[in-house]
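Participant: Pasted the sequence and its predicted model underneath.
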Amino acid sequence: MTLNPLAPVRRHFQRWWQARLPLQDTLTLTQRNVYILPTGAGWMLALTLLVLLVASINYQLNLGYLLTFLLAGSAVVGMYLCHANLRGLTLHLLPPEPHFMGTSTAFEVQLSSARKAPRYGIALAVHGAGQGDHHWAWTDVPAQGQSSVQVAFKPARRGLHRVPTLMAETRFPLGTFRVWTYWRPAAQVLVYPAPEVPAPPLPPGEPRAGGTSTAPSQGIGEFDGVRAYRRGDPLKLVVWKKAAKSLATGTDDLVSRDAQQAQRHELWLDLARAALPGHEARVSRLAAWVLQADRLGLDYGLRLPGVEIAPDAGAAHRRRCLEALALCG
């Protein structure tokens, strides 16, 4: 790999330039924030026009003059159309959804145009260190309408991240000019820890405060608050999420809640009980336990350093536990 002595200077300038951009989830493109430069093809066209002009002057070719100025006029009109293709667009970032680390999240951006003519060849991407790092998502915007495009982003760690700087670009219609803009959204995206795969068995339940049990239950792969379905069990005790999954896999195994056992024990997911050496590995194990307990329809609590979430169930409780794991230091 060839070392570029100007690379550190370029990175420092890019960081300085991006820090000057305002944080906003809606951006209207004007002449003040849209930039234009010739592409490689544009510079080749300029060199060709120069050669044609010199040859026409040298040999006094009237048709050479005609061809030279016709191509030059086309390039000038293309420059105007290219700049106008991006100018006047309004970009709006929809609130990003949380996702798990290791998977790509897609930011949905809405492009709105009030112009009576359509706009073609609009591309968006996460701004990277070089052209090879850009993964463009292309779209056309109809006249006086809207279009949506999804831009992929894959963060390297869990936690709360600001949406990275985005870049919009067009080279329509001739490809001889590149028009682009930078955009710093103000939104943030929450990245959950990656759950451990395969999911480990749930930990044994702990005796409830004031309960009659003297020892924690001994799980055999699942929390003892559930058991195999028995004929005569009330339908309200059946774990229907587990039943739906069993039917989807072609089996008819049913699982019921053990009401007596559930009265004596509580399921607590404790970071200190995740017997793994690394902190991130323990957090991943708790994330797997949260998903597994939610899938079984169990009540479960979460214990982290400085945080304790009381036992509960449901989508809101699962989201609260995953958020606590994502922000766990």
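Facilitator: Perfect, thanks for sending it.
Participant: can you list contacts of stretch 95-110?
Facilitator: Residues outside stretch 95-110 that contact it (Cβ atoms under 8 Å, 6 or more residues apart in numbering) are 91-94, 124, 146-155, 157-158, 163, 166, 185, 187-195, 287, 319, 322-323, 326. No exception for glycine: its C-beta is placed from N, CA and C like everyone else's.
Participant: Stretch 164-172 too?
Facilitator: Identification of contacts with stretch 164-172 by Cβ under 8 Å, 6+ apart yields 18, 21, 29, 39, 81-82, 85-86, 89, 91, 93, 107, 109, 119-127, 134, 136, 151, 153, 177-185.
Participant: what's the span of that stretch, first residue to last?
Facilitator: Terminal residues of stretch 164-172 are spaced 26 Å apart (Cα to Cα, to the nearest Å).
Participant: The stretch 1-150 of the chain: helices as residue ranges?
Facilitator: Ranges of helices within the stretch 1-150 of the chain are 7-19, 40-59, 62-86, based on DSSP state H, counting those that start in this stretch.
Participant: any idea which of those is most buried?
Facilitator: Among these, helix 62-86 has the highest mean neighbour count (mean count of other Cβ atoms under 10 Å), at a mean of 15.
Participant: avg pLDDT for that one?
Facilitator: Averaging pLDDT along helix 62-86 gives 95.
Participant: between that helix and helix 40-59, what angle do the directions make?
Facilitator: Calculated by axes from the mean of the first three to the mean of the last three Cα atoms, to 10 degrees, helix 62-86 forms an angle of 160 degrees with helix 40-59.
Participant: what's next to helix 62-86, contact-wise?
Facilitator: So helix 62-86 is contacted by 29, 34, 36, 42, 45-46, 48-49, 52-53, 55-56, 119-122, 168-174, 176-181 (Cβ under 8 Å, 6+ apart).
Participant: As JSON lines, the helices of the stretch 1-150 of the chain with distance to Met101 would be great.
Facilitator: As requested, those are exported to JSON lines (distance: least, Cβ to Cβ, whole Å):
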{"stretch": "helix 7-19", "distance to Met101": "24"}
{"stretch": "helix 40-59", "distance to Met101": "38"}
{"stretch": "helix 62-86", "distance to Met101": "34"}
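Participant: closest one to Arg282 among those?
Facilitator: Nearest to Arg282 among the helices of the stretch 1-150 of the chain is helix 7-19 (34.4 Å), distances taken as Cβ to Cβ.
Participant: related to what we said a few turns ago, indicate which one of the helices of the stretch 1-150 of the chain is closest to Pro277.
Facilitator: helix 7-19 (35.8 Å).
Participant: so the residue nearest the centre of the chain bridges to which residues?
Facilitator: The residue lying closest to the centre of the chain (Cα atoms, centre = their mean) is Thr105, at 2.3 Å. The partner list for Thr105 in beta bridges (DSSP bridges) reads Phe153.
Participant: returning to what we had before: could you pick out the buried ones from the contacts of stretch 164-172?
Facilitator: Buried members of the contacts of stretch 164-172, scored by 16 or more other Cβ atoms under 10 Å, are 29, 81-82, 85-86, 89, 91, 93, 107, 109, 119, 121-127, 151, 153, 177-185.
Participant: Among those residues, name the ones in strands.
Facilitator: 91, 93, 107, 109, 119, 121-126, 151, 153, 177-183 (DSSP state E).
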